[in-house]
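In: after the sequence you'll find the predicted model.
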Amino acid sequence: MTSLIVVSLKRPLAIFLVGLEGVGFCVCLFASPLAALKAVIATRSSKSIPLPFTLASFFNCFLWSVVGYVELHDFMVFVPNALGFVFSLAQLMVKAKFGDGAGRPVTGVSMLPV
């Protein structure tokens with residue numbers, strides 16, 4: 001899709017659309033650990049949420065949000081990183097609430113996305 005955008009559209013529009021596509025993928029990456037939220041709540045264990053990735057996302061997104069807003073004044077930098085910061089904060093809160101304990105057995109919960 002990116003190649004078609006670059007080849008078929010004028011440069012300013014192509015740059016904007018490829019940037020928007022990158023923002024979409026970035027937000028999906030930052031939100032991906034939240035896909036395990038249903039299982040975390042059902043088992044009362046947040047073992048499926050990776051702590052190193054969550055911490056790295058938390059600090060990285062915070063710093064890039066500050067740079068995007070204060071220094072660059074760039075919507076394409078600020079917004080996805082602000083969302084990533086919020087998603088990482090939510091993941092850290094879930095980790096703090098449920099921990100990596102044994103939890104309870106899963107009954108009637110599918111681990112696959114619906």
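Out: Yes, it's here.

In: give me the most central residue, this structure.
Out: What sits nearest the mean C-alpha location of the chain, by Cα atoms, centre = their mean, is Phe30, with 1.4 Å.

In: pretty sure it is touching Ala90, no?
Out: No - under the criterion of Cβ atoms under 8 Å, Phe30 makes no contact with Ala90, lying 10.4 Å away. Quick note: C-beta positions are derived from backbone N, CA and C, even for glycine.

In: okay, buried residues for the worst-scoring helix or strand of the chain on mean pLDDT please.
Out: Within the chain, no helix or strand scores below helix 2-8, which has a mean of 73 by mean pLDDT, DSSP states H and E. Within helix 2-8, the residues scored as buried using 16 or more other Cβ atoms under 10 Å are Ile5.

In: which SSE is immediately downstream of that helix?
Out: helix 11-31 (DSSP states H and E).

In: how about residues contacting that following helix?
Out: The contact list for helix 11-31 (Cβ atoms under 8 Å, 6 or more residues apart in numbering) reads 1-2, 5-6, 9, 57, 61, 76, 79-81, 83-84, 87-88.
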